[in-house]
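Peer 1: Fold the stuff below for me.
(one chain, ligands or ions: 1)
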Amino acid sequence: IFPGDAKAWKAAIAKNAETLKKDVETVEAQISHHVHTTLARAPFNVDELTMYQAAALSVRDRLIARWNETQTFHTQQRVKRVYYLSLEFLMGRQFDNAMLNLGVKKPYNDGLKQLGFNLEDVSDSERDMGLGNGGLGRLAACYLDSLATLDIPAFGYTLRYQQGIFRQIINSNGEQVEVPDPWLENTNPWEIPRLDAAVEIRLHGEATRGDNAKGAGTWTGGLEVLAVPYDIPVPGFGTKTTNNIRTWSARGKVSFDLAKFNAGDYEAAVREAEEAETITRVLYPNEASLRHATYILVQVELTHDFEQNFDKGKALRLKQQYLWVAASLHDICRRFRKLREPWTAFPDYNAIQLNDTHPTLAIPELMRILVDEEGQPWDEAWDIVRRTFGYTNHTGAALMTEALERWAVPLIEWLLPRHMQIIYDINAFFLEEVEKKFPNDRARLARMSLIEEGYPKMVRMAHLAVIGSHRVNGVAALHSRLVKQDLFPDFVEMFGQDRFTNVTNGITARRWLYQCNPQLAALITQALGTEEWILDLDKLKGLEKYARDKKFQKEWASIKQANRDRLCEYIESTTDVKVNRKALIDVQVKRIHEYKRQSLNILGVIFRYLTLKKLKPEERKRVVPRLSVFGGKAAPGYYMANINAVSKTINADKDIREHLSVVFLADYSVSLAEIIIPASDLSEHISTAGTEASGTSNMKFALNSGLLIGTLDGANIEIAEAIGDENVFFFGNVTEDVPRLRRAHQAGEAQYPPELMEVVDAIRSGMFGDGGVFEPLLNTIFGGKDYYLISDDFTSYLEAQRMVDVAFVDQSSWVEKTIHTTARMGRFASDRAVMQYADEIWNVEPVKIPDSA
Ligand code: F55
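Peer 2: Numbers count the residues shown, from 1 in each chain. Predicted structure coming up:
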């Protein structure tokens, strides 16, 4: 098996294994190796960024060694693999996480100190890998951590965007300004380019159908572009398994057209390459920017038959989806062919999970590969497809069907002509089945069709994902019920209940406790006498017996205070707000969205301010002081200046400052979350009932001993079940009430509570500036509809906040609640969620990588 001299190889490998030792000297040697060789620096010329890069590269060496052993073993053992297709992986920083998972943080800390550097400062040079918008992308990152930790063979597949989620700046008017995020600028030490494994991807061209309805078709011509993989190793915690995230980067096939250059047309010589590279230039900042795709700058004219007047921003998104899906399936099929198994065995080796509908083109693409390229009969191909795919829905279901992804038929025909034929054929055969089961029901056929009639016709990607998968799941118990009831009731009747299931989201305790809250983690380990909780989060239950223990409460509370201090320092160093270190820290950090109702929170803050103003100074002292923290990115162009208008007035009020302050922290990100979450006393999860599919930050706050204020929505409900509803501040109307309340607003019969009117009067009086920044908000509430039911939930929200104040005064009982909260969060581990996917959807087993591998 060795080319050349086997003895020489073995000696070289043994010698190299030295580099993997975990002692301080080895770590120092490895770092200095990268400083001197890879980065070509002399010791006197090393700054923190260089040190970070050298240290990161040395950690990467360790990851690659394990990665190689893992991949080789998985291939040799012919294991079944999970492929998690997600257009977003919101990884955050890798350095600290990798050191912890590899168990080398101590020698790195000591080694860096010897070399004259502080580990935390060095770590701060790392840029977040912001390849995602929010919950959906962060969930994918947590699941990859759990898959590796649980020894499940898995790949993540995504795109390598040159620009991740935009950087957010707040201008002097309090408005969001979006700035590009060139995260690859300093090069990315965590990725390994695999130029050898590039894949050719066809776009446009001509398609033919086979000679019978289910026969093989063809697809030729058009434009070919390259998808180049860059691999990011994902280590498990305390295990050898190191999985992979393969990120695809688009390239021109010939980066430079010499003939055109010689003919003097310099621009044409590079145009095609530029056009290809545009495909992976930027992450879409959410679905709103797809509807009015002005944010996405298409620097290059789309040249291929661009007669039809498509929105360029939308066409680019479809290209992203296809390039990603086609490259990934090409990769998966190449790996499968090496096994020399019949195609009918494909689902025995491959489970592909669709993270929302974004990768749904994988379904017609696999049909195309099987039928057109591999000559499989249509019906067998369809059976293979269905047994391979699972689909996870992340859309808040209550009346949000309009949020489901649709693509115009002419756009698909133009970019992917063969796929459009295949989708039509899948639809025809599917509707035949529906007709057989429910004869003479034309309305049902129209509802269930993959094609929505209209001008233009649209492909309903969610319907395609449902019929092309063997399992469809929602992400929290309530949400999964709504997925069946509101989104796909016809499909439940057609396929039965069993195709639809729930897997409640989870989070990784490695990043979201062990890493971001080291002091609390240490106290937990000390109390439990073991670190086992990191791998088995249910073990936190063992903390319950200390919940009333005064000494333990004191230590617990002092860690919260230390985390509060750290956040306050961050606030004071990044804003001009001075904060009261004893204030209750009340946090709402998440994407800014109407349905998440940051507006309810800010209106509540105004009410608190008005109430404080009415009190005498000595009465104010008896009210629990508060620090309200907001953070989150909005869709580009979305108004949100009202939060900053409120904070400006309140923070400038000398009488109130000590009792209430309000900050908006710019540029919320994974690494900022790691500072904010451990410091929170109370966090807000206050979406209109039925709109938040799950929420996952609720889990992170609770795990870090923060209490929740929230609606009966998403995973809030299950969290309360687990930790006891006496430990959650619930308020507001329930999902079942929403349609009736909305109708009342529509009919002009809604009542507006006096507290809300008081707040509105204050705004209109100019207390928070000219009031213009509030107009859009007031308009959504009073302009007729109040679609998100701010007015209906306002009074009970204020009441819940009063209960918070009362509870916080009794510190001992508050701390007891927070200990119970952390202790009972075990079931929200992503390890539990991933095991459930493995057992109920993927049918895969853990594979331990032996030490000898
Ligand atoms: C991103 C791009 C598009 Cl085109 C559409 C949606 C998104 C996105 O980021 N969605 C998202 O984050 N959804 C969230 O998924 C979480 C994980 O399941 C849920 O917890 C959360 O409720 C849901 O909003």
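Peer 1: Now do the host helix or strand of Ser249, average pLDDT.
Peer 2: Assigned by DSSP states H and E, Ser249 belongs to strand 242-252. For strand 242-252, the mean pLDDT works out to 97.
Peer 1: Which strands or helices does that strand pack on?
Peer 2: helix 48-76, helix 135-149, strand 154-159, strand 223-235, helix 266-277, helix 312-337 (3 or more C-beta pairs under 8 Å, 6 or more residues apart in numbering; DSSP states H and E). Glycine gets a C-beta too; all of them are placed from N, C-alpha and C.
Peer 1: Just the angle for the first one relative to helix 312-337, thanks.
Peer 2: Per axes from the mean of the first three to the mean of the last three C-alpha atoms, to 10 degrees, the angle that helix 48-76 makes with helix 312-337 is 50 degrees.
Peer 1: list the buried ones in whichever helix or strand comes after helix 48-76?
Peer 2: Helices and strands here follow DSSP H and E; after helix 48-76, the next one along the chain is strand 81-85. Residues of strand 81-85 classed as buried under the neighbour-count rule (16 or more other C-beta atoms under 10 Å) are Arg81, Val82, Tyr83, Tyr84, Leu85.
Peer 1: Quick check: of the residues you listed, which lies closest to the ligand?
Peer 2: Closest approach to the ligand among the buried residues of strand 81-85 (C-beta to the nearest ligand atom): Tyr84, at 13.0 Å.
Peer 1: Residues of this structure that sit close to the ligand?
Peer 2: With C-beta under 6 Å from any ligand atom as the criterion, the chain comes near the ligand at residues 133-136, 139, 286-287, 290, 394, 475, 505, 692-696, 714.
Peer 1: Give the ChimeraX command for selecting the buried subset of those residues.
Peer 2: Written as a ChimeraX command, the selection of buried residues from the residues of the chain next to the ligand, which uses 16+ other C-beta under 10 Å, is:
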select :133,134,135,136,139,286,290,394,475,505,692,693,694,695,696,714
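Peer 1: would you list every one of the strands in the stretch 251-400 of the chain?
Peer 2: For the stretch 251-400 of the chain, the strands defined by DSSP state E, counting those that start in this stretch cover 350-355, 389-392.
Peer 1: Mean pLDDT added to those strands, as CSV?
Peer 2: Shown next, in CSV, are these (pLDDT from 0 to 100):
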stretch, mean pLDDT
strand 350-355, 98
strand 389-392, 98
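Peer 1: Distance to Ile412 and mean neighbour count added to these, as a markdown table?
Peer 2: Listed next are the strands of the stretch 251-400 of the chain as a markdown table, based on distance: least, C-beta to C-beta, whole Å; neighbours: other C-beta atoms under 10 Å:
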| stretch | distance to Ile412 | mean neighbour count |
| --- | --- | --- |
| strand 350-355 | 17 | 25 |
| strand 389-392 | 19 | 26 |
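Peer 1: Make CSV out of those strands and add distance to Asp792.
Peer 2: Formatted as CSV, the strands of the stretch 251-400 of the chain follow (distance: least, C-beta to C-beta, whole Å):
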stretch, distance to Asp792
strand 350-355, 33
strand 389-392, 31
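Peer 1: out of the ones you listed, nearest to Leu415?
Peer 2: Comparing these against Leu415 with C-beta to C-beta, the closest turns out to be strand 350-355 (19.6 Å).
Peer 1: Give the pairing partners of that closest one; include direction for each.
Peer 2: strand 81-85 (parallel), strand 389-392 (parallel) (DSSP bridges).
Peer 1: Out of these, the one nearest Met458 is which?
Peer 2: Once the strands paired with strand 350-355 are compared by C-beta to C-beta, strand 389-392 is nearest, at 18.6 Å.
Peer 1: mind checking how far that closest one is from the chain centre?
Peer 2: Averaging C-alpha positions (C-alpha atoms, centre = their mean, to the nearest Å) puts strand 389-392 17 Å from its chain's average.
Peer 1: now what about that strand, what contacts it?
Peer 2: Here strand 389-392 makes contact (C-beta atoms under 8 Å, 6 or more residues apart in numbering) with 351-357, 360, 362-363, 465-466, 468-475, 503, 837, 841-842.
Peer 1: Now a PyMOL select for only the buried ones of those.
Peer 2: If you want just the buried ones from those in PyMOL, going by 16+ other C-beta under 10 Å, the selection is:
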select buried, resi 351+352+353+354+355+356+357+360+362+363+465+466+468+469+470+471+472+473+474+475+503+837+841+842
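Peer 1: where among the helices and strands packed on strand 242-252 is the average confidence lowest?
Peer 2: Ranked by mean pLDDT, the helices and strands packed on strand 242-252 end with helix 266-277 at the bottom, a mean of 84.
Peer 1: can you pull the buried residues of that helix?
Peer 2: Quick answer for helix 266-277 (16+ other C-beta under 10 Å): Ala269, Val270, Arg271, Glu272, Ala273, Glu275, Ala276, Glu277.
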